[in-house]
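**Q** Need coordinates for the following:
(2 chains)
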Protein chains: 2
Amino acid sequence: MPAVSSSDKVLSYEKVAESVKRAQYAVRGEIYLAASERIKKGEKVIFTNVGNPHGLGQKPLTFPRQVMALLTAPFLLDDPRTATMFPADAITRAKTYLANIKGGVGAYSDSVGNPYIRDEVAQFIQARDGHAADPERIFLTNGASEAVRTLLRTLIRGHMDGVMVPVPQYPLYSASIALYDGCFVGYELDESTGWGLDLVKTKASLDAARARGLCVRGLVFINPGNPTGQCLSRADVEALVRFCFDNRLVLMADEVYQENVYRSRHPFTSAKKVMCELGEPYTSGLELVSFHTVSKGVYGECGLRGGYMEMCNFDPRTVEEIYKICSINLSPNVPGQVAVGLMCNPPRRGDPSFDSFMAEKAELLASLKRRARLLTDAFNSLEGVSCQETEGALYSFPQITLPPAAVAAARAAGKAPDVFYCLALLSETGLSTVPGSGFGQAEGTFHFRTTILPAEADMGEVVELFKRFHKGFVQRYSGPVAKL
Amino acid sequence: MPAVSSSDKVLSYEKVAESVKRAQYAVRGEIYLAASERIKKGEKVIFTNVGNPHGLGQKPLTFPRQVMALLTAPFLLDDPRTATMFPADAITRAKTYLANIKGGVGAYSDSVGNPYIRDEVAQFIQARDGHAADPERIFLTNGASEAVRTLLRTLIRGHMDGVMVPVPQYPLYSASIALYDGCFVGYELDESTGWGLDLVKTKASLDAARARGLCVRGLVFINPGNPTGQCLSRADVEALVRFCFDNRLVLMADEVYQENVYRSRHPFTSAKKVMCELGEPYTSGLELVSFHTVSKGVYGECGLRGGYMEMCNFDPRTVEEIYKICSINLSPNVPGQVAVGLMCNPPRRGDPSFDSFMAEKAELLASLKRRARLLTDAFNSLEGVSCQETEGALYSFPQITLPPAAVAAARAAGKAPDVFYCLALLSETGLSTVPGSGFGQAEGTFHFRTTILPAEADMGEVVELFKRFHKGFVQRYSGPVAKL
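**A** Residues are numbered from 1 along each chain as shown, chains lettered A, B, ... in the order given. A predicted model of the protein is given here:
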């Protein structure tokens, strides 16, 4: 018998901070935990709940890993055999990093990242946008998630401060806002226009929140979209920049999928570039922060936890406060920083690794594009399923029409209907997805998110598993099928 | 002219969250920023402000880095030359990790760390203490700092919740408590007994806080001490365990310096071991969390950001809440997790790398011990300086007696006297230290913290620089010298 019962404990569940209890993170929520239980029982799971490319078999790009291996074991640089095993540019690059990272990957860097790597990021942004970037305003972090949290932590003063977040959204935002006791102000994307921006409705949502007395201070946009997969046109980004400046909102541009664009219709245009080209008062007036990472794109280096944020037009004293918050964590992990540097400064034409590096990248992007197409088409071939095209990012977010009997059965089981559906999908096929309610969805609609990341060789099986499940599920709850 | 003046900005300094502004972190505070400015101007700085061994030239241990290099570049395992360049046990270990880490270092792991590595940690704890450890209660994190923050985040419900922290303390605690809007409840260590624990005074501090209406919920102890360098006797750890249980406090045992013990008088004894051996009600009644890291010890792998916490006797539903908070961050960085695994599961007798690994470790520990002795003696040889022995950890924390004129000059400059002293030390010698006020110190006393980490070859110069500075400083503010 335990000396102290659970509810008598100093830190019993009842006495856990309320903000912690309120925060929900569906990507690793109920379905994920059920999937983990399956794994423990030795049952098969296909994890399509989280954008984790290497976890589903994607190989790392060779060049960055060569450089990182040499940095991890610098004594290899003294071994003559190394020159026969590693390309010359990987060796040169490793030596350059070692010369610019005092103490190597085992030493704390400056709290906001190594200055040499921050310069590499600034040059990458400048080359991408055609506008200067200030390395002093680029902070490196343990993945972009940490950057997002730090910014929200600084922005949210209490429960009357609101942040506008798209619906559907990536639940990092809702969870962090809850954790910092802020107020989530959703604005719906328009599924009928491929998850397009609707600034009239967005303005109505802002006005309503302000009329309720909320101090709405920031707006998040995810481009390309997660979980929605849309890519913004340049005109849309312009409208967003104007909207945020005109309405006194800090624009938080989640641009972590900027390399994951599969259609030429809307090539990626950064909010920074648009802001710079709109002229005043936007160019030096909009408070803009942009997030990027090595976890997505063609790198997919999720486990390295490398990311950055670029802050534009921020009050210098606010930047100092953000710096101070970063300093409490001492230093972002250094291998992740190096991965960011290598992403921003890849091999150049003429370098020994250039051709193979570009070939690896191109093949991977082409494969992602094929998989995105395949999934969209498969979903749209099914009765009761409709799916917007995955123009970018790593997800498919189909809408499912559930029979009334299924909805009733879900309610009887105390589950949201989409959670009920995703649990059945997991239990019958091993496919681990995330229900739409974890991201937010228009009232009365049901969705789920799956990544496009299963290997191409496995994709046929995934599609077949899904089709068979969906048809069986609908049949089981047969009767008049209505869009709810 | 900017379109928007700083104070009109949405996120102007005035509108930054108050908890962010309140948090202070002296280890990277005013002196550190002044030192960074010197670096930019090309002036010399010896960074002894933070325990960052590799940053001051310490070489990484060879075996763990060999394994990590192979994990970073798994294609090396297919190259026959690898067997001639890496020892067989490093190759075997890399293959074992690859078999147990799905997707390798580039994939997100479970949010609380890879299960295989959590097992390695559990076995390490069991071998150290002679008592079982539950891998399900061991969470891997980006350095121990993140674990500390997560625990405090869960514990602190609002400004009436207090956490007891030693004075002097490591400012991660005060900064995090401020950030989570909690209340810092200090308890003074006794400098005259080598920074010993004084539970009578500690109880008085607790009673006073509770009489003020605070709900004091936790107590932090750092053993071996930071910045104070003392090692607790087993009897002291026992008293602490009893004190926390009897007073309904979660014990947060910061044991990150457990390998850094330089005197045989008090070998490290973990709070877990003592709790297990005290019997009931302590063994299954005390809510204990212990923190450890790869950043300290003889690894000194600060840049890899690997750490863990072990929770004992926690309410299972509270553990679930902590798990959820970790899941928002998706995954601790995987190279850091591997480093934790290698620290907990080093080469064993009979393995090819065993002898060289043990020799590297022994030489490093011996050198740290010599440096600790050298600094303590040097400080005690100076008039107006007294220094407790560094029995463990990586710091020396001398008390300095400042001439009244120096105190007056500091006040006139708007600085705390110890900050004034440390700024002068930096400007005259390049030595970057941390003033005692950043850690807390008894009213009217002045201290500073320096690491014992400058290379042995540089230590003579460091000591000379300091001696010359101190004598000059005292002379400059000459007149009657009084202990203030």
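**Q** Can you tell me the element the residue nearest to residue A:184 when sequence neighbours are not counted falls in?
**A** Nearest non-adjacent residue to residue A:184, counting by CB to CB, 6 or more residues apart in numbering or on different chains: residue A:177, 5.0 Å away. Using the backbone N, CA and C atoms, a C-beta is placed for each residue, glycine as well. Using DSSP states H and E, residue A:177 sits in helix A:172-179.
**Q** elements contacting that helix?
**A** helix A:18-22, helix A:143-155, strand A:161-167, strand A:183-188, helix B:316-328 (3 or more CB pairs under 8 Å, 6 or more residues apart in numbering or on different chains; DSSP states H and E).
**Q** Not counting that helix itself, show me its contacts.
**A** With contact meaning CB atoms under 8 Å, 6 or more residues apart in numbering or on different chains, helix A:172-179 is reached by A:19-20, A:22-25, A:145, A:148-149, A:152-153, A:156, A:163, A:165, A:183-184, A:220, A:440, B:153, B:325, B:328.
**Q** Please list the residues of the stretch 201-350 of chain A that sit near chain B.
**A** Those residues of the stretch 201-350 of chain A that sit near chain B, judged by CB under 8 Å from any CB of the partner chain, are A:217-218, A:248-250, A:280-285, A:287, A:295, A:300-305, A:313-318, A:321, A:324-325, A:327-336.
**Q** hmm, back to that, narrow the contacts of helix A:172-179 to just the buried residues.
**A** A:19-20, A:23-25, A:145, A:148-149, A:152-153, A:156, A:163, A:165, A:183-184, A:220, A:440, B:153, B:325, B:328 (16 or more other CB atoms under 10 Å in any protein chain shown).
**Q** what ranges do the strands span in the stretch 301-450 of chain A?
**A** Secondary structure of the stretch 301-450 of chain A (DSSP state E, counting those that start in this stretch): strands at A:306-312, A:385-386, A:395-396, A:399-400, A:431-432, A:434-435, A:446-451.
**Q** now those in a markdown table, with mean neighbour count?
**A** Converted to a markdown table, these look like this (neighbours: other CB atoms under 10 Å in any protein chain shown):
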| stretch | mean neighbour count |
| --- | --- |
| strand A:306-312 | 26 |
| strand A:385-386 | 16 |
| strand A:395-396 | 26 |
| strand A:399-400 | 22 |
| strand A:431-432 | 23 |
| strand A:434-435 | 28 |
| strand A:446-451 | 26 |
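**Q** Assumed residue A:213 was part of a strand.
**A** No - counting by DSSP: H, G, I helix; E, B strand; the rest coil, one finds residue A:213 to be coil, located in no strand.
**Q** That one: what's it in contact with?
**A** Residues near residue A:213 by CB under 8 Å, 6+ apart: residue A:160.
**Q** Dihedrals phi and psi, it?
**A** phi 100, psi 0 (degrees, to the nearest 10).
**Q** quick one: it from chain B, how far?
**A** As judged by CB to the nearest CB, to the nearest Å, residue A:213 and chain B stand 17 Å apart.
**Q** and if you look at residue A:278?
**A** 11 Å.
**Q** and that residue, what does it touch?
**A** Contacts of residue A:278 by CB under 8 Å, 6+ apart are A:238, A:241-242.
**Q** quick one: the strands in the stretch 151-300 of chain A?
**A** For the stretch 151-300 of chain A, the strands defined by DSSP E, counting those that start in this stretch cover A:161-167, A:183-188, A:215-222, A:250-254, A:288-293.
**Q** got the ones you listed as CSV, with mean pLDDT columns?
**A** Converted to CSV, the strands of the stretch 151-300 of chain A look like this (pLDDT from 0 to 100):
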stretch, mean pLDDT
strand A:161-167, 97
strand A:183-188, 97
strand A:215-222, 98
strand A:250-254, 98
strand A:288-293, 98
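**Q** Could you dump those into a markdown table and include distance to residue A:86?
**A** Putting those into a markdown table (distance: least, CB to CB, whole Å) gives the following:
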| stretch | distance to residue A:86 |
| --- | --- |
| strand A:161-167 | 44 |
| strand A:183-188 | 49 |
| strand A:215-222 | 38 |
| strand A:250-254 | 35 |
| strand A:288-293 | 26 |
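**Q** So for stretch A:400-419, what gets flagged as buried?
**A** Neighbour-count burial for stretch A:400-419 flags A:400-403, A:406-407, A:409-410, A:415-419 (criterion: 16+ other CB under 10 Å).
**Q** swap in stretch A:68-82?
**A** A:68-74, A:76, A:82.
**Q** do the same with stretch A:374-387
**A** Neighbour-count burial for stretch A:374-387 [16+ other CB under 10 Å]: A:374-376, A:378-379, A:382, A:384-385, A:387.
**Q** gap between the two ends of it?
**A** 12 Å (CA to CA, to the nearest Å).
**Q** Please state the offset of that stretch from the chain centre?
**A** 24 Å (CA atoms, centre = their mean, to the nearest Å).
**Q** average model confidence for that stretch?
**A** Stretch A:374-387 shows a mean pLDDT of 94.
**Q** Can you tell me what sits against that stretch?
**A** Outside stretch A:374-387, the residues touching it (CB under 8 Å, 6+ apart) are A:388-390, A:396-402, A:450, A:452, A:459, A:463, A:466-467, A:470-471, A:474, A:481.
**Q** Which members of those residues are positioned in helices?
**A** The helices, defined by DSSP state H, take in A:459, A:463, A:466-467, A:470-471, A:474 from these.
**Q** Would you mind writing the CA trace of stretch A:457-470 as PDB?
**A** Output of stretch A:457-470 as PDB, limited to C-alpha atoms (Å, rounded to 0.1, in the frame of the first residue of the first chain):
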ATOM      1  CA  ALA A 457       6.600   1.500 -52.300                       C
ATOM      2  CA  ASP A 458       4.200   1.400 -49.400                       C
ATOM      3  CA  MET A 459       1.800   4.000 -50.700                       C
ATOM      4  CA  GLY A 460      -0.300   1.500 -52.600                       C
ATOM      5  CA  GLU A 461      -0.900  -0.600 -49.500                       C
ATOM      6  CA  VAL A 462      -1.800   2.500 -47.400                       C
ATOM      7  CA  VAL A 463      -4.300   3.600 -50.000                       C
ATOM      8  CA  GLU A 464      -5.800   0.100 -50.200                       C
ATOM      9  CA  LEU A 465      -6.000  -0.200 -46.400                       C
ATOM     10  CA  PHE A 466      -7.700   3.200 -46.200                       C
ATOM     11  CA  LYS A 467     -10.200   2.500 -48.900                       C
ATOM     12  CA  ARG A 468     -11.200  -0.900 -47.500                       C
ATOM     13  CA  PHE A 469     -11.600   0.600 -44.000                       C
ATOM     14  CA  HIS A 470     -13.700   3.600 -45.100                       C
END
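**Q** tell me which residues in that stretch are buried?
**A** Quick answer for stretch A:457-470 (16+ other CB under 10 Å): A:459, A:462-463, A:465-466, A:469-470.
**Q** what's the average pLDDT for it?
**A** The model assigns stretch A:457-470 a mean pLDDT of 93.
**Q** follow-up on the earlier one: can I have the buried ones of the residues of the stretch 201-350 of chain A next to chain B as a ChimeraX selection?
**A** Of those, the buried ones can be selected in ChimeraX as follows, counting by 16+ other CB under 10 Å:
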select /A:217,218,249,250,282,283,285,287,295,300,301,302,303,304,305,313,314,315,318,321,324,325,327,328,329,330,331,332,333,334,335,336
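**Q** can you tell me which residues contact residue A:97?
**A** By CB under 8 Å, 6+ apart, the neighbours of residue A:97 are A:67, A:71, A:116, A:338, A:341.
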